[in-house]
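A.B. asks: dropping the sequence and predicted coords here.
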Amino acid sequence: MSDTMEILDQVAHWREVGSGVALATVVSTWGSSPRPVGAKLAVDDKGAMVGSVSGGCVEGAVVTEALEVIRDGKPRLLDFGISNDQAWEVGLACGGKIQIFVERVE
């Protein structure tokens with residue numbers, strides 16, 4: 001079974017038991033990005049999650065936004081990135097950008 005199918009199966013289960021759910025999807029990338037376009041992360045209203053859209057502090061920020069999306073129902077397009085110059089200054093080989101769309105699952 002693919003990662004996407006496992007994530008969507010978990011989303012369906014959470015909805016069946018009455019949990020609020022948000023789904024985050026990588027919609028664009030530029031430069032260095034840990035996950036490709038189409039990668040998904042599902043979050044329930046208790047903060048449980050399945051899948052991945054990035055990792056590290058970006059993933060934590062996405063979970064925080066997902067919980068807000070569950071509460072208010074307003075989808076969000078999130079932008080995260082670092083320029084090549086900024087990356088070089090902190091010892092990384094290159095920069096990158098990622099956009100993630102977060103929506104409540106009804």
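C.D. replies: Received it, and whenever you're ready, just let me know what you need. Note that this is a predicted model, so its numbers are computed, not measured. Numbers count the residues shown, from 1 in each chain.

A.B. asks: can you get me a residue count around the closest residue to Arg15 other than its chain neighbours?
C.D. replies: In space, and not counting its chain neighbours, Arg15 is closest to Val21: 5.9 Å by C-beta to C-beta, 6 or more residues apart in numbering. Yep, even glycine has a C-beta here, placed from its N, CA and C like the rest. By other C-beta atoms under 10 Å, 22 other residues sit near Val21.

A.B. asks: what residues does Val21 make contact with?
C.D. replies: Going by C-beta atoms under 8 Å, 6 or more residues apart in numbering, Val21 touches 11, 14-15, 42-45, 70, 104-105.

A.B. asks: now swap in Lys40 and tell me
C.D. replies: Applying C-beta under 8 Å, 6+ apart, we find Lys40 in contact with 3-4, 7-8, 23-26, 51, 53.

A.B. asks: strands of the protein, residue ranges please.
C.D. replies: Along the chain, counting by DSSP state E, strands occupy 21-31, 40-44, 49-51, 76-82, 96-105.

A.B. asks: the first one to strand 96-105, inter-axis angle?
C.D. replies: In this case it means strand 21-31. Relative orientation of strand 21-31 and strand 96-105, computed by axes from the mean of the first three to the mean of the last three C-alpha atoms, to 10 degrees: 160 degrees.

A.B. asks: biggest helix in this protein by residues?
C.D. replies: Of all segments of type helix in the chain, defined using DSSP state H, the longest is helix 56-72.

A.B. asks: that one: how far from the chain's middle?
C.D. replies: Computed by C-alpha atoms, centre = their mean, to the nearest Å, the chain-centroid distance of helix 56-72 equals 8 Å.

A.B. asks: tilt between it and strand 96-105?
C.D. replies: In terms of direction (the same axes, to 10 degrees), helix 56-72 departs from strand 96-105 by 30 degrees.

A.B. asks: packing partners for helix 56-72?
C.D. replies: Contacts defined by 3 or more C-beta pairs under 8 Å, 6 or more residues apart in numbering; DSSP states H and E place helix 56-72 against strand 21-31, strand 40-44, strand 76-82, strand 96-105.
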